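Participant: model this:
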Amino acid sequence: MMPPHLGVYAQEKAHQTTEFSRHVREAGFIVDVITRVEDGIVGADWPKFLRKCEFTVGMKGGASIADLYGLLYARVEARRQRRTHHHDTAESVSFLRRRDGRHRFSAFSPRLFEAAAAGACQVLRPDYYLGVLEPWVHYLPLNSDFSNVQEVLLAMRELEQCQAIANNSYEQLIDSGKFSYRRLVDDAVNDLLADSPSAVATTWCEMVTYLRRATQLCEPDTMHLHDAAVHLIHETLSSHHKVGQFAQKQVTNSISQLGCFDWFREQYENARTDSLSLRTPWIWRSLLSVD
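Facilitator: Take a look at the predicted model:
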């Protein structure tokens, strides 16, 4: 259950899961759902768990309140400290309710890729999923008001049909390569090189060569290298931003001193050992210091 300061939309995924679990359990299915943070399954145990599941339920991730400076979070926490036996939701707190729903910040959740890779048939809220997932073809559509829940439960008993839907999802999200790191790197560097300053074009070409070579590796931590490198390339090209100018100087100087391979090895090790970077790989990273 996401905290209330993120809005109703952020909490809908947990509500959807618990409510649907009740219907599924009553229909005789085996259900394994927990919403407490302390019971979360992390690391390698998560894909192992998913591979045991015939179905998963989900929707886009996101929020419906923008708490840019953490002020709402602070007010909610202060309220929680005063009311230790009361559970607040985004709808029950007036100062949250007034701000909720003005915008919706939603995104295609990584969990959809994970479920597809694990071969689980997904039960999802109908939505726009990057234009690649269609209801009844790649997932079972569950309306937000549960008005079609009986239809979904009947479909879940047609195991051959559900297996075909899971296969379609796998082919679209995983097997097609549309969302692979290789495609990400190609798209990112092609766009960034077009705006690259001519003075450092040679350096960027070396970085691109290394990135594309890295996409061919099968090491488990390759994704962290991609996250770090693509983000750093973006930062160095943000020449209109003070941080970008600083990053560009740091990167070019560091690569000149270390060489492209050693510089990327350093970034790779940073990405592996920095737990915060692993959680939020797109945050700005402090670069190697240069005398």
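Participant: end to end on stretch 59-73, go ahead and measure it.
Facilitator: Counting by Cα to Cα, to the nearest Å, you get 24 Å between the two ends of stretch 59-73.
Participant: no wait, stretch 145-158
Facilitator: End-to-end distance of stretch 145-158: 23 Å, with Cα to Cα as the criterion.
Participant: poorly predicted segments of the stretch 151-291 of the chain, please.
Facilitator: By pLDDT under 70, the weakly predicted segments of the stretch 151-291 of the chain are 191-203, 214-252, 255, 260-261, 264, 267-291.
Participant: distance of residue 94 relative to residue 67?
Facilitator: For residue 94, the distance to residue 67 (Cβ to Cβ, to the nearest Å) stands at 16 Å. Where C-beta positions appear, they are placed from N, C-alpha and C, glycine not excepted.
Participant: same drill for these two, tell me which one is more crowded.
Facilitator: Using other Cβ atoms under 10 Å, the more surrounded residue of residue 94 and residue 67 is residue 67, with 18 against 7.
Participant: can you pull out the helices in this structure?
Facilitator: Ranges of helices in the chain, per DSSP state H, are 8-26, 45-51, 71-82, 94-97, 110-118, 149-156, 159-170, 181-194, 201-214, 222-236, 242-258, 260-273, 275-279.
Participant: domains for the chain, by residue range?
Facilitator: Using automatic domain parsing, the domain parsing of the chain gives 4-175, 181-279.
Participant: show me where the stretch 1-150 of the chain dips below the pLDDT cut-off.
Facilitator: Counting by pLDDT under 70, the stretch 1-150 of the chain contains low-confidence ranges at 85.
Participant: how about 80 then?
Facilitator: The model of the stretch 1-150 of the chain has pLDDT under 80 over residues 37, 43, 83-87.
Participant: just want the most central residue of the chain.
Facilitator: In the chain, the residue lying closest to the centroid (Cα atoms, centre = their mean) is residue 110, at 4.2 Å.
Participant: residue 117 versus that one, what's the distance?
Facilitator: Distance from residue 110 to residue 117, by Cβ to Cβ: 10 Å.
Participant: got it, and residue 181?
Facilitator: Using Cβ to Cβ, residue 181 is found at 14 Å from residue 117.
Participant: for residue 88, see how far away residue 97 is.
Facilitator: With Cβ to Cβ as the criterion, residue 97 and residue 88 are 11 Å apart.
Participant: quick one: residues contacting residue 31.
Facilitator: Shown in contact with residue 31 (Cβ atoms under 8 Å, 6 or more residues apart in numbering): 21, 24-25.
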